[in-house]
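Enquirer: just a sequence and a predicted model for now, questions to come.
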Amino acid sequence: MFVARSIAADHKDLIHDVSYDFHGRRMATCSSDQSVKVWDKSENGEWHCTASWKTHSGSVWRVTWAHPEFGQVLASCSFDRTAAVWEEIVGESNDKQRGQSHWIKRTTLVDSRTSVTDVKFAPKHMGLMLTTCSADGVVRIYEAPDVMNLSQWSLQHEISCKLSCSCISWNPSSSRAHPPMIAVGSDDSNVTYGGKVQIYEYNENTRKYAKAETLMTVTDAVHDIAFAPNLGRSFHVLAIATKDVRIFKLVPMRKESTSTGPTKFEVQIVAQFDNHNSQVWRVSWNITSTLLASSGDDGCVRLWKANYMDNWKCTGILKGDGSPLTGSSGQPTAMSTVVGSSVQTSQSVLNGTSAGRAWLLVSSTQACVA
Amino acid sequence: MEEVDVEPTVTNIPAARDGMHLGFAWGPGDILVFDTVYKAAGATGSGSSLIHVVRKDEDIYSPILRKLFNESHHIFVGLQTIREDLPSKNKKPQFVSISKSYRSVIRACMEELQQVAVSTQDAELATQYGNQVSILLAIELIWNLCEVLFIDAVPAGSLLLHLLDWVRLHKADVDEKAREVLQSESPVEHHGYWDVVVSYVLQGRLEEARQMLAKQAAQQYADKNMYKLMDNLLSKMPVYNPGSIHTLTEFDVKWRHWHEEVDRCLQDKSFASNVHLELICKILVGDEDTLLEHKELLSTWYHFLVTRLLFAHPTIKPTELHYYAQSCMAMFLDSRSAPETLDSILLAAFDFDIHQVIKDCSIALNNWWFVAHLTDLLDHCKLLQSHNLHFGSNLREFLLLEYASGLFNHHSLWQLAVDYFDHCPEFGRVYLELHIERVPLDTERKALKVLRICEQRQMPEQVRSICKIMAKRALRNNRLGSALSWSIRAKDAAFATLISERFLQDYCTRGTFSDLDLIDNLGPAMLLSDRLTFLVKYHEFHKLYGEKCFTEAAKLLLSLITAKIAPRSFWMTLLTDALPLLEQKEVIFSAGQSYELMFFLEELTSSFKPATLNSDKSMQEEDIELTKVELLRLALARNLAKAIVKEGTVDA
């Protein structure tokens, strides 16, 4: 792997989250400088900042895109105890020429009494639903009943988790066999409540979310959690960032016809990696759930892949090398850099005349001009 | 199968290290990486505020390799459609031919790359192309060997012939050298002359060796007899003919006779006085040390292997290959240097360990193209044992899924990937669903392309989603016609209603319709939503009116009113539209129709709120409303009178 280009994001403080939109043509960044920036990718692959505005009165922890079926919509959450929904307004023609667009606030969700640590949209088949979780231990699910009017959101569910929440993840499966399911992770240091991952499931009859499972084996603080894309499987795969990287398999057990409670699961641990040496802060799946990426205290991002025998291994490491490029502040657009290095060596070319019988591993020193 | 633990590749990111973390975000075909600090309580502090786009080295962006992907896709699809029910002996020649097609595509690509590598001015680009050429060379080498051993699976006798072809194909420099020598003033005095002769012999090209030697013989009167003897030996070497009536055993006997004759010449010291001919004789007898002395001419251990087999064991059986391969490699390579990846792969092939070959190739290459296509072909030849797997139902599917997923990131190659997913029975469909909904819908044309693919495969949810996205985008940009046609295609009644209302609102404010063509030609699609139907019919009314077909227009208007599919806000407008028809000289609305209109008007006015509650409307607006109602009442009454008279009159 190599660094194809580097973009000077121009945030005045730490960036906390970067989020691609659904089609990968836009991205949003949020920072401790309390602002969100939206970037558009041009045809030649360069990123241009098309909007930058102050969103909160505290550090913005996460930013996320709604599905494009609902238009161009962003949600952000912040230390200032609020989450907000933003919509892009098609601008005046002179704005378009300057490559700028406007985002306006549609609503502010102020129900939380503490910092809002995560914000996620539910899978689109559930409608336009936004979920937040806070350090006050409550997961809140909001719905916009009229997708044409994004200023109206109603709080549909409040799930009290009893532990300070740090992250949430929706099960993306839209299969009828799976009722809506959300996993909540907690970074609470409280040891009385052992399991730091709770799984809630929606019950059609009671019209409420009920706890289906607590992962009791996860006792350390959980910083991130991610359901894998479902791929039509009957079971669910969940990745957890805690003091190590863990991948769980949740197999729904057959419900008796009389049972009205949430699904019971058989919980199996599929893999556990402690290569990051200490805390793991983020985990995220690629779109086919064939690769899991994790970021940890060792300052690295690791990529995990299952081979065709379903054995998980680390297949790549992205490591900060301690030599940051100083982004010159006068550059608003992308900077192309040629930085490529990989540890595996290459050999010389195979041809008939040399006595070499060598083989070239392309994944090495090929520097590619971006 | 044992898993060799391969160290993960490390990629350095120019980012700060101590105390900082690397944030990341998955993207299509890349990962964004940035400096950050994760802390339970969150942190501030300045990072470099740079976001790095990290990508896998991927060949899909190379324009020349694109041809490789396109053409191999064509071959792949052809392979999938070979009928399953044919007996395997009929299929083998087809598979061999397909294998050869793949190889010729690789060769064509290689040649093109070579040309560009040579002609480019940019040194870095030249190196890059050169590297790609060498990789393709290696790929073709491996594929060719796999074809000989696995797909064609030739028996002893033919096996050596095929291996000889294989070696000859990958050692083209002999011909170059020969050309150079022959084109020189005096070939026999050229410093490369003997190298060429020996190379010919090493490759079993004895005819050509004889021709070269003839030139020397013509000038060497002293050693005339020696040259004649050598020529004799060379001409008599038995070559296995698979089509002949003689069996392998008979060939073996003949060969041994010849071998003994050559050996006798050696023992007799017949060529002792000519160091070159003596050398050739030693080669013919298969002397290993002599062969090893000519490592530069052989240049590879597998050339050494084939040459050694040619002159020592031409009837080698496939099952015996691996033993000779091992020992030849050991003998040829320096004890100091470890075998390269390519060497292990070839060795695994000689060992007939197909899975090992595939595994080693998967690890060594950065693109799944080779292993995916080769494995698919081998699977069709029924050469792969099936393991039941988690990802993909077997190795073939796993590799194809990997390859096709990689293609999807490319702005045009993604269309090839669709066919690959189609032929992955277990997970192909769900992978396609996941990938195709993320294809950026830059233009209408692209969106239609994506839609067609989804519709052909009965993916209604993806169709609906894509249409909805396009409709929403059009609506945002105020392109109502486009939005409407997309929501019709999405069968989204709610959205169609919304857009119809916007159309009607537009009409109210501007007095004209936009996108008339679309509205006129909707056909049965207009029934998607009541509002939409109303919109279409209302426009039809206006058209009829414009064409002065007043009676039809009136009938239509009345049906619109009575069917009550109009939004309430529109009722007044409809009645106002009736006014000019009522004011016409001739009677258009019948008495009965007039009654209906009056009834409708009463219903409408009865719902008017008293003036005090309706604070929105200004006094002026109220006045206008009331005046309109009065006018209507008057017009209706007059029309009713005329109609009654008309209907009561007996035509004279």
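Expert: All right, it came through fine. Numbers count the residues shown, from 1 in each chain, chains lettered A, B, ... in the order given.
Enquirer: which single residue of the stretch 401-550 of chain B ends up nearest chain A?
Expert: B:Pro440 (4.2 Å; C-beta to the nearest C-beta). The C-beta positions use only the backbone N, C-alpha and C, and glycine is treated the same way.
Enquirer: number of nearby residues for that residue?
Expert: Using other C-beta atoms under 10 Å in any protein chain shown, B:Pro440 has 17 other residues around it.
Enquirer: wait, it touches A:Arg25, no?
Expert: Yes: counting by C-beta atoms under 8 Å, B:Pro440 touches A:Arg25, with 5.2 Å between them.
Enquirer: buried stuff in the lowest-mean-pLDDT helix or strand in chain B?
Expert: Of all helical and strand segments in chain B, the minimum by mean pLDDT, DSSP states H and E falls on helix B:516-520, at a mean of 79. Within helix B:516-520, the residues that qualify as buried are B:518-519, counting by 16 or more other C-beta atoms under 10 Å in any protein chain shown.
Enquirer: equivalent analysis for stretch A:176-190, please.
Expert: Going by neighbour count (16+ other C-beta under 10 Å), the buried part of stretch A:176-190 is A:178-188.
Enquirer: sec struct for the most centrally placed residue in chain A, please.
Expert: When C-alpha atoms, centre = their mean is applied to chain A, the residue found nearest the centroid is A:Ser284 (5.6 Å). Secondary structure, DSSP: H, G, I helix; E, B strand; the rest coil: A:Ser284 is strand.
Enquirer: does B:Thr290 lie in a helix or a strand, and which?
Expert: helix B:288-293 (DSSP states H and E).
Enquirer: and the helix or strand just after that helix, anywhere near chain A?
Expert: Remark: after helix B:288-293, the chain's next helix or strand is helix B:295-298, criterion DSSP H and E. Yes: remark: helix B:295-298 sits within contact range of chain A at B:295-296, by C-beta under 8 Å from any C-beta of the partner chain.
Enquirer: and the contacts of helix B:295-298?
Expert: The contact list for helix B:295-298 (C-beta atoms under 8 Å, 6 or more residues apart in numbering or on different chains) reads A:355, B:195, B:198-199, B:202, B:291, B:304, B:307, B:332.
Enquirer: reformat those residues as CSV; add pLDDT and distance to B:Ile588.
Expert: Formatted as CSV, those follow (pLDDT from 0 to 100; distance: C-beta to C-beta, whole Å):
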residue, pLDDT, distance to B:Ile588
A:Ala355, 22, 101
B:Asp195, 91, 106
B:Val198, 93, 108
B:Ser199, 93, 103
B:Leu202, 93, 104
B:Leu291, 91, 109
B:Phe304, 94, 103
B:Thr307, 95, 104
B:Phe332, 89, 104
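Enquirer: quick one: low-confidence ranges for the chain?
Expert: Here I'm looking at chain A. A:91-98, A:256-259, A:323-370 (pLDDT under 70).
Enquirer: wait, chain B
Expert: B:1-5, B:16-17, B:40-48, B:58-60, B:85-86, B:88-89, B:335-336, B:385-393, B:608-617, B:652.
Enquirer: is whichever helix in it runs longest up against chain A anywhere?
Expert: Secondary structure of chain B read by DSSP state H shows that its longest helix is helix B:88-119. No: Helix B:88-119 does not reach chain A (C-beta under 8 Å from any C-beta); its nearest approach is 10.3 Å.
Enquirer: what's the answer for stretch B:204-224, then?
Expert: No: Stretch B:204-224 lies out of reach of chain A by C-beta under 8 Å from any C-beta, never closer than 15.2 Å.
Enquirer: what's next to that stretch, contact-wise?
Expert: Taking C-beta under 8 Å, 6+ apart as the rule, stretch B:204-224 contacts B:164, B:168, B:178, B:187-188, B:193, B:196-197, B:200-201, B:227-228, B:230-231, B:234-235, B:237, B:273-274, B:277, B:280, B:307, B:310.
Enquirer: run through the residues of the stretch 101-250 of chain A sitting next to chain B.
Expert: Counting by C-beta under 8 Å from any C-beta, the stretch 101-250 of chain A sits next to chain B at A:115, A:124, A:148, A:166, A:174, A:187, A:221, A:223, A:229, A:231-232.
Enquirer: from the residues you listed, which land in strands?
Expert: Taking DSSP state E, the ones among these that sit in strands are A:Ser166.
Enquirer: tell me the two of the residues of the stretch 101-250 of chain A next to chain B that are most distant?
Expert: A:Met148 and A:Ala221 (41.0 Å; C-beta to C-beta).
Enquirer: so for those two, which sits in the more crowded spot?
Expert: A:Ala221 (19 against 13).
Enquirer: returning to what we had before: distance to B:Ala153 added to the contacts of helix B:295-298, as TSV?
Expert: What follows is the contacts of helix B:295-298, written out as TSV (distance: C-beta to C-beta, whole Å):
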residue	distance to B:Ala153
A:Ala355	32
B:Asp195	35
B:Val198	32
B:Ser199	29
B:Leu202	26
B:Leu291	28
B:Phe304	24
B:Thr307	23
B:Phe332	26
